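**Q** let's see this in three dimensions:
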Amino acid sequence: MNGRIWIALAGLLGAVGVGMGAYASHGLGFIADVAVREATRATLQQAVQQQLFHALALLGVGLLAQRTQSRWLLLSGLLFTVGVLLFSGLIYLRILGGVDSLRAFVPWGGSSLILGWLALAVAACQMPRSQ
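**A** Numbers count the residues shown, from 1 in each chain. Predicted coordinates for the structure are as follows:
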């Protein structure tokens, strides 16, 4: 798999992350209690931060994948994508959609993100020195 899909996905995640960051900063007026609104804002900002960091990581995976083929890079890209969807996506769904039943899967997203970094490290260790 070449890196174009990861780069395109990084762009999409980045754009959505910026939009969600703007909403986290300026939205949430539907929450009347100021303390609850600020706690919710902090949670949303954490989800946005993780999404944006991992959009950049996915960009790196895509750029590396254009230079070399690696199952570990593929795994890293998949884990970053799943991690963002589970971690950030489920936080967005809980706060904006009121769906709390999937909350237990949010830590799985964090674990996927960690595993994505480890897979990227393995991919880097297996790359030929010239790359």
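**Q** any idea how far Leu9 lies from Pro107?
**A** Using CB to CB, to the nearest Å, we find Leu9 at a distance of 23 Å from Pro107. Where C-beta positions appear, they are placed from N, C-alpha and C, glycine not excepted.
**Q** actually Val99, not the one I wrote
**A** Here Val99 is placed at a distance of 16 Å from Pro107 (CB to CB).
**Q** circling back: who has more neighbours out of Leu9 and Pro107?
**A** Between Leu9 and Pro107, Leu9 has the larger neighbour count (other CB atoms under 10 Å), namely 19 against 12.
**Q** I'd say the more buried one and Thr81 touch.
**A** Yes: with contacts counted by CB atoms under 8 Å, Leu9 reaches Thr81, the gap being 6.2 Å.
**Q** what's the overlap in contacts for the two?
**A** With contacts defined as CB atoms under 8 Å, 6 or more residues apart in numbering, the residues shared by Leu9 and Thr81 are Leu58.
**Q** Gln66 reaches Leu59, doesn't it?
**A** No: shown here, Gln66 and Leu59 do not form a contact pair, counting by CB under 8 Å, at 11.1 Å.
**Q** more neighbours, the two?
**A** Neighbour tally, Gln66 and Leu59, criterion other CB under 10 Å: the higher count belongs to Leu59, 19 against 13.
**Q** which non-adjacent residue is nearest the more buried one?
**A** Counting by CB to CB, 6 or more residues apart in numbering, Leu59 lies nearest to Ala10, which is 3.9 Å off, once chain neighbours are set aside.
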